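In: Quick one: sequence and predicted model below, then my questions.
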Amino acid sequence: MRGRRDRAEVIVSILEAIQKEDNHAKPTHIMYKANLSYDLLKSYLSELKEKGIIVEDVEGNKTFITMTKDGFQLLSELRRMKRFMESFGL
Amino acid sequence: MLQYVFSPKWFYGVDIIFEIFSILVCFLIAYYANKFFKVSHERKHRYFSVIFLLIGVAFIFKILTNFTIYYHVLRVIQIGSTLHFVNYQYKSEIIYSIGYFLFRLLMIGAFSSLYLITQKEKSRNLVYLLFYFILLTTFFSYYIFVVFHITMAILLFMLVGYYYHHYKQKGESSTKVIVFSFAVLLLSQVFFLLTIIHLDMYVIGEFLQLVGYLLLLYDFFMVNKS
């Protein structure tokens, strides 16, 4: 069985969920795809928004999440870093 | 009198250049791991970063020790005076003892910790036992040189075993490079041990050690390129 995910893994799953929706994802979609509770997702999204990794688009009564250029960069860097650490069994 | 020059004379200084490369590789990995820790907040990533930092610092102590000793030995040969020889000999023994002690302590401490963080089950007793062996091998060994390299070889052998098992499970090419890297580092320790028989073995040991760290660098670039 797979163990607890670390923060980096959670952030990667959030960003991947956004990317899979053509960079225009609803929070509920991210929540299911990243397998997170609503509260946890909210705290991650607010942190990512603060750091300029994502932006919120409000269209009518719906909210969409979009990754910024920095977000794409972070996602690819995190994937590489994760792979490097995994090669050491960490 | 201590034997503190294990290198053939023609290799004086070249080993220092080799080790500078190893330091750069270790510091690069430490920096990268620390960067990842800032996102992951996982203790194992911070430990990993500190471990490579310690390996780099250990090499710095070795370089400082070697540099001073080579300098003194060469000056002693140049001066050729008995009085100076005794004076330099005494100074060199102190520098050698402190520098080589710190090098041993940091190296064995770092590689033991690297083995520990790869283990899923961490018993407190195992940590204490390992800590005891680190102290034993760095403080109380009469045959310091031999015991140090045997301990390093055992630790590297355990790490090669772990990484090989990890590679078999994951099949990742980056892990395969890590296996090779640690296997080459293990081989370098064997050649360092053989220095007792012939000084030229030190050159092979240093060369293999450099190859081992360069393989880690290769793995780093391979992962970052993909």
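Out: Yep, it's here. Numbering: from 1, shown residues only, chains lettered A, B, ... in the order given.
In: Look up how far chain A lies from the residue nearest the centre of chain B.
Out: Nearest residue to the geometric centre of chain B (C-alpha atoms, centre = their mean): residue B:107, 5.0 Å. Using C-beta to the nearest C-beta, to the nearest Å, residue B:107 is found at 18 Å from chain A. Using the backbone N, CA and C atoms, a C-beta is placed for each residue, glycine as well.
In: for residue B:185, same thing?
Out: Remark: distance between residue B:185 and chain A (C-beta to the nearest C-beta) = 14 Å.
In: these two touch, right, that residue and residue B:210?
Out: No. If you go by C-beta atoms under 8 Å, residue B:185 and residue B:210 don't touch, sitting 10.1 Å apart.
In: who's more crowded, these two?
Out: residue B:185 (24 against 20; other C-beta atoms under 10 Å in any protein chain shown).
In: which SS class is that one?
Out: helix (DSSP: H, G, I helix; E, B strand; the rest coil).
In: burial measure for the residue lying closest to it once chain neighbours are set aside, as a count.
Out: Spatial nearest neighbour of residue B:185, chain neighbours left out: residue B:212 (3.8 Å); criterion: C-beta to C-beta, 6 or more residues apart in numbering or on different chains. The tally of other residues near residue B:212 (other C-beta under 10 Å) stands at 22.
In: what about the helices in chain A?
Out: A:7-20, A:27-33, A:38-50, A:69-87 (DSSP state H).
In: The first one packs against which elements?
Out: So the one you mean is helix A:7-20. helix A:27-33, helix A:38-50, strand A:62-67, helix A:69-87, helix B:14-40 (3 or more C-beta pairs under 8 Å, 6 or more residues apart in numbering or on different chains; DSSP states H and E).
In: Just put these in CSV and tack on mean pLDDT and distance to residue B:113.
Out: Formatted as CSV, these follow (pLDDT from 0 to 100; distance: least, C-beta to C-beta, whole Å):
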stretch, mean pLDDT, distance to residue B:113
helix A:27-33, 94, 37
helix A:38-50, 94, 31
strand A:62-67, 93, 37
helix A:69-87, 92, 16
helix B:14-40, 94, 13
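In: Distance to residue B:219 and mean neighbour count added to those, as TSV?
Out: Output for the helices and strands packed on helix A:7-20, formatted as TSV (distance: least, C-beta to C-beta, whole Å; neighbours: other C-beta atoms under 10 Å in any protein chain shown):
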stretch	distance to residue B:219	mean neighbour count
helix A:27-33	31	16
helix A:38-50	30	15
strand A:62-67	29	17
helix A:69-87	6	17
helix B:14-40	9	19
